[in-house]
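Chemist: Quick one, structure for this:
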Amino acid sequence: MDVAILTRVSSNKQEDARQESELRNVCQENNWAVVECVSITLSGNSKERPDLERVMTLARDGKIQKVLVHEVSRVARRNSTAHKFVEDLAELGVSLWWNAQRIETLLPDGKRNPAAAIMFALLAEMARAEREQLIERTRSGLAEARRNGQVLGRPVGFRLDALKAHPDVVRMLRANKSIRDCALRCGCSPMTVQRVKRAMDATPAEAEK
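Modeler: Next up is the predicted model:
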């Protein structure tokens, strides 16, 4: 059976090698052939997901019959994105396997696995709630820091460095290109494009000159 491995981390400080290693071991145990490992550094709440689009391309082309992820939250922390991805795969007869519970969305006969569907919905909701709690804790911490008189945010010089390091991304963003288009055309990650966009939004136009 031909499969794709999907790994995702939210920041450059995280490492997806463990995810890939564990999933490759699963493939060895089951004699599954890895067609491609699709990896990305991107927030699971992002609306633009070139990694999921790449996996869907492999599925539509009939190159894979199964997609492996470490856990449900690696697909997405946005419920609509996660459920649409699973539904689109199922319509193509491609199953999603997640290693944390060692369960998959389709049964051996190709029919949907009811137990997996219930578990996926529950875990996807937990992933969304976990992210919301993290955001709330972060906001609370920032508010407390401000009350204590701390100056937050990176200095203007840091933002200018990001702009100067990626002039091609800056040009694309000024041309109103999407984050995905910028990443593909400039050969960088969507996370880098988002960082440059934040720097542009936070930097006065005269300071960029």
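Chemist: mind listing the helices for the chain?
Modeler: Listed in chain order, the helices of the chain (DSSP state H) span residues 17-30, 50-60, 79-91, 114-147, 156-165, 167-174, 179-186, 190-202, 205-208.
Chemist: With mean neighbour count as extra columns, can I get these in a markdown table?
Modeler: The C-beta positions use only the backbone N, C-alpha and C, and glycine is treated the same way. As requested, those are exported to a markdown table (neighbours: other C-beta atoms under 10 Å):
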| stretch | mean neighbour count |
| --- | --- |
| helix 17-30 | 14 |
| helix 50-60 | 18 |
| helix 79-91 | 17 |
| helix 114-147 | 13 |
| helix 156-165 | 14 |
| helix 167-174 | 17 |
| helix 179-186 | 18 |
| helix 190-202 | 18 |
| helix 205-208 | 10 |
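Chemist: how about those helices, which one is nearest Ala100?
Modeler: Ala100 sits nearest to helix 114-147 of all those, at 8.2 Å, using C-beta to C-beta.
Chemist: can you tell me the average pLDDT over that closest one?
Modeler: Across helix 114-147, pLDDT averages out at 74.
Chemist: what's the closest of the helices of the chain to Ile5?
Modeler: helix 17-30 (4.8 Å).
Chemist: Against which helices or strands is that closest one packed?
Modeler: Using 3 or more C-beta pairs under 8 Å, 6 or more residues apart in numbering; DSSP states H and E as the contact criterion, the neighbours of helix 17-30 among helices and strands are strand 2-9, strand 33-41, strand 66-69.
Chemist: how is this protein carved up into domains?
Modeler: For the chain, whose domains are defined here by automatic domain parsing, the residue ranges read 2-125, 156-208.
Chemist: Out of those, which is closest to Arg147?
Modeler: If you check each of the domains of the chain against Arg147 by C-beta to C-beta, domain 156-208 wins as the nearest, at 22.0 Å.
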